[in-house]
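*Asks:* My questions are about this predicted structure, shown below with the sequence.
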Amino acid sequence: MKKSLTRIDDFTARREHLASMTELELKQYFWDLAERCVQPMVALASTHTSPAIERSVLLRMGFSSIEAKTLVDKTIQYQLMGKGAGHVVFRLSRIKKVSIREAGLQLIKDEGWEDVRQSFEVRS
């Protein structure tokens, strides 16, 4: 026979520090806590990426899934993954003064990689 687990109701004790807050203060406190909760994830995302994330970025930039995979693979091959595949494409488009799409297609044809590497000051 299972014993029923009863939760001790400590709501009143746990909310004491909130009791004197106005609705506006509670709302602000909520958003402050929410920001503190996601801050480690934001910090991690700003320094870490993955091929899947980079493919997703490239898909949103208008490349097909096959093009995105090729661009990510080449970004890894040229050791620029830490910069982000989308950033690499964007950077080349600014260097060559061409559209994002044209820059990506050039990179797929192995054109422009040294320009991008030099712009990031990456040594071979």
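*Replies:* Perfect, thanks for sending it.

*Asks:* Going by residue numbers, what spans are helices in the chain?
*Replies:* With DSSP state H, the ranges of helices along the chain come out as 11-14, 23-47, 51-60, 65-77, 85-96, 100-108, 113-119.

*Asks:* Would you mind giving these as JSON lines with mean pLDDT and distance to K3 added?
*Replies:* C-beta: built from backbone N, CA, C; applies to glycine. Shown next, in JSON lines, are the helices of the chain (pLDDT from 0 to 100; distance: least, CB to CB, whole Å):
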{"stretch": "helix 11-14", "mean pLDDT": "87", "distance to K3": "23"}
{"stretch": "helix 23-47", "mean pLDDT": "90", "distance to K3": "34"}
{"stretch": "helix 51-60", "mean pLDDT": "95", "distance to K3": "46"}
{"stretch": "helix 65-77", "mean pLDDT": "97", "distance to K3": "54"}
{"stretch": "helix 85-96", "mean pLDDT": "97", "distance to K3": "56"}
{"stretch": "helix 100-108", "mean pLDDT": "97", "distance to K3": "63"}
{"stretch": "helix 113-119", "mean pLDDT": "95", "distance to K3": "65"}
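
*Asks:* and the residue nearest to K74 when sequence neighbours are not counted, what does it touch?
*Replies:* The shortest distance from K74 to any non-neighbouring residue, by CB to CB, 6 or more residues apart in numbering, is to L107 (6.2 Å). Shown in contact with L107 (CB atoms under 8 Å, 6 or more residues apart in numbering): L71, K74, V88, V89, L92, W113, V116.

*Asks:* Quickly list the domain ranges of this structure.
*Replies:* With domains defined by automatic domain parsing, the chain comprises 19-47, 51-119.
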